[in-house]
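Colleague: Structure for this input, please:
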Amino acid sequence: MLKRLFDIFFSLLGLIILATIFLIIAILILVDSRGGLFYKQLRVGYNNTDFKLFKFRTMEAGADTKGLITVGSRDSRVTLIGYYLRKYKIDELPQLFNVLIGDMSLVGPRPEVRKYVNMYTKNQLRVLSVKPGITDYASIEYSNENEVLGKVNNPDELYITEIMPAKLALNVKYIDEKNTFKDISIILRTLFKIVS
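Modeller: Numbering: from 1, shown residues only. Next comes the predicted model:
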């Protein structure tokens with residue numbers, strides 16, 4: 001209950017504070033390339049249920065039909081403004097709407113697409129016992145994931161065999177340790193990571 005109140009208060013506060021910035025970003029996205037303002041993707045959330053995750057659109061329209069993983073900092077599908085939105089994680093900010101409506105929490109395991117959730121082991125499925133979050137241990141540890149994937153010939157294989165299991169282990173660690181102070185610590189570490 002306390003976590004939900006925390007999420008509602010700070011997501012609403014964030015949306016109010018960022019309203020002007022959202023407007024500027026919206027104009028830049030719409031001027032930069034054809035397509036909508038937001039990218040909505042089905043992700044798997046609490047209790048293994050699907051929901052629509054919101055992001056600012058950073059790719060050309062229909063880019064997800066060419067693969068679910070973004071590789072490298074200069075993936076050809078990424079728009080000019082999209083490159084900078086991704087670099088500073090600004091594209092994730094619309095997920096404050098997901099937090100406000102209750103699909104997500106500020107802190108929790110990052111929600112995955114169904115394709116990869118279907119590969120989870122029984123222990124890894126524990127990550128679906130809590131609400132997914134905007135940030136978590138794995139988001140901090142693998143902040144350069146796209147660059148790593150961009151350096152290999154088979155990014156999907158690397159993600160499935162190495163990165164995904166490591167991230168899920170960090171998610172399970174979060175579930176075992178979670179509390180309000182831990183959440184605040186993760187938020188502060190995330191902000192520091194973005195700034196640095």
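Colleague: all strands for this protein, in order.
Modeller: Along the chain, counting by DSSP state E, strands occupy 38-44, 50-56, 105-107, 133-135.
Colleague: now the first one and strand 50-56, what's the angle there?
Modeller: With axes from the mean of the first three to the mean of the last three C-alpha atoms, to 10 degrees defining the directions, strand 38-44 sits at 150 degrees from strand 50-56.
Colleague: now the strands of the chain as a markdown table including distance to L18?
Modeller: C-beta: built from backbone N, CA, C; applies to glycine. Output for these, formatted as a markdown table (distance: least, C-beta to C-beta, whole Å):
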| stretch | distance to L18 |
| --- | --- |
| strand 38-44 | 14 |
| strand 50-56 | 11 |
| strand 105-107 | 14 |
| strand 133-135 | 13 |
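Colleague: Out of these, which is closest to D91?
Modeller: Nearest to D91, of all the strands of the chain, is strand 50-56, at 4.5 Å by C-beta to C-beta.
Colleague: mind listing what that closest one pairs with, with the direction of each?
Modeller: strand 38-44 (antiparallel) (DSSP bridges).
Colleague: So what's the gap between the lowest-mean-pLDDT helix or strand in the chain and the chain middle?
Modeller: Here the helix or strand of the chain ranked lowest by mean pLDDT, DSSP states H and E is helix 145-149, holding a mean of 84. Helix 145-149 sits 15 Å away from the centroid of its parent chain (C-alpha atoms, centre = their mean, to the nearest Å).
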